[in-house]
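Colleague: would you be able to build a 3D model of this:
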Amino acid sequence: MHGIDLTSDYLMHDFAHCDGLVLLPVGFTAYVLNPATRRTLKLPRGRGADPPPRQKPLSFEMCHQAFGLGQDSRSGAYKVARFSYSSLHLLTGTCSYRSITMEVFTIGTDRHWRETVTRPPYPVLARRTATFFKGSVIWAIDERNLGKAAPGFLRFSLEDEAFGVMPPPPCYPMLEYTRFSLSELRGELCLTCEGANISSVELWMCNNVEKPRWDRRYTIAALMFRPPELCPIATFDDEIVFKERVSYTRRYNLKTKAYKDRFCMANLRYHHPSTGKLGFQRRIFFSFDVIPYVPSLIPV
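Modeller: Numbers count the residues shown, from 1 in each chain. This next block holds a predicted model:
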């Protein structure tokens with residue numbers, strides 16, 4: 001449906017999506033696509049795109065940002081949020097970020113990124129795309145940079161552009177914020193984390209971002225993968241479709257409690273928008289991303 005030449009860029013984040021719009025962060029910038037209309041908006045570079053100064057010649061340029069896409073429930077406008085670090089410290093072989101900023105770009109209105117009046121109160125995991133749910137984009141707090149256990153998830157309201165903290169489910173503090181996946185399934189927020197033992201995965205659901213009541217809805221076999229290597233992307237009837245590692249999908253039947261139909265996305269055939277032919281990509285891929293998608297005519 002959509003083809004863009006990004007040969008000179010680096011795809012370092014997962015996609016984000018909202019009402020048929022797809023956010024594709026690459027390199028120092030980001031694109032907003034509408035695959036149905038084949039329209040593309042390249043967002044301006046902005047202050048947050050600049051990588052932090054380095055103390056050593058290491059490749060941290062692409063690791064200082066985190067993006068999110070969603071809709072302002074009051075105005076109906078679609079906004080892109082960019083969390084970024086503007087300084088970097090290297091301590092005993094590890095990197096630690098400081099000087100946090102948040103920028104917002106309103107599609108169809110803004111020509112430049114706007115920095116929020118209030119800075120983010122907590123650091124978030126760089127390169128982890130936010131999950132949009134009921135007017136807010138939600139990130140995982142980076143506990144390593146925070147220096148202590150996180151109080152929950154960082155929530156950024158797209159209506160008033162204010163920050164808040166979303167309380168975690170009862171599985172916390174067992175929850176490690178680097179080893180979970182957060183997604184939306186049928187109008188509910190779904191957190192996938194390790195179960196009481198490494199042989200199971202738990203799916204916790206809630207329907208409120210301000211006062212969430214988490215419900216442990218499913219406990220399933222973990223195979224050999226842990227979140228976020230096993231991430232739910234959609235539900236159909238009694239089945240959940242998972243993204244498995246970087247290039248596979250797999251279905252899980254809730255009634256039979258069994259996995260089936262493992263599919264390798266590297267075997268996909270695609271319709272090339274330039275040549276009009278159907279064939280294999282015939283390239284070596286680093287990773288794939290899969291998102292639920294409903295076509296729309298929203299302009300970008």
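Colleague: okay, and Ala81 sits in which element?
Modeller: According to DSSP states H and E, Ala81 maps onto strand 78-91.
Colleague: mind exporting the host helix or strand of Arg155 as CSV, just the C-alpha atoms?
Modeller: Using DSSP H and E, Arg155 sits in strand 153-157. Output of strand 153-157 as CSV, limited to C-alpha atoms (Å, rounded to 0.1, in the frame of the first residue of the first chain):
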residue,chain,number,x,y,z
PHE,A,153,4.0,4.5,33.9
LEU,A,154,4.6,8.0,32.6
ARG,A,155,1.4,9.4,31.0
PHE,A,156,1.2,12.4,28.8
SER,A,157,-2.2,13.8,28.1
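Colleague: avg pLDDT for that strand?
Modeller: The average pLDDT for strand 153-157 rounds to 96.
Colleague: check stretch 204-212 too.
Modeller: Stretch 204-212 comes out at a mean pLDDT of 92.
Colleague: buried residues in that stretch, which are they?
Modeller: Using 16 or more other C-beta atoms under 10 Å as the test for burial, stretch 204-212 gives 204-206, 209, 212. Heads up, the C-betas are built off the backbone N, CA and C, glycines and all.
Colleague: and those, which two are furthest apart?
Modeller: Trp204 and Val209 (14.0 Å; C-beta to C-beta).
Colleague: ok so, going back, what about the strand holding Ala81, average pLDDT?
Modeller: Strand 78-91 comes out at a mean pLDDT of 79.
Colleague: is the most centrally placed residue in the chain in a helix, a strand, or coil?
Modeller: For the chain, Thr129 is the residue whose C-alpha lies nearest the centre (C-alpha atoms, centre = their mean; 2.6 Å). Under DSSP: H, G, I helix; E, B strand; the rest coil, the three-state class of Thr129 is coil.
Colleague: got the contact list for it?
Modeller: The contact partners of Thr129, taken as C-beta atoms under 8 Å, 6 or more residues apart in numbering, are 13-16, 23, 25, 66-68.
Colleague: wait, which of the residues you listed is closest to Pro120?
Modeller: Closest approach to Pro120 among those (C-beta to C-beta): Ala66, at 10.1 Å.
Colleague: could you find the closest non-adjacent residue to that closest one?
Modeller: Using C-beta to C-beta, 6 or more residues apart in numbering and skipping residues adjacent in sequence, the residue nearest Ala66 is Phe83, 4.4 Å away.
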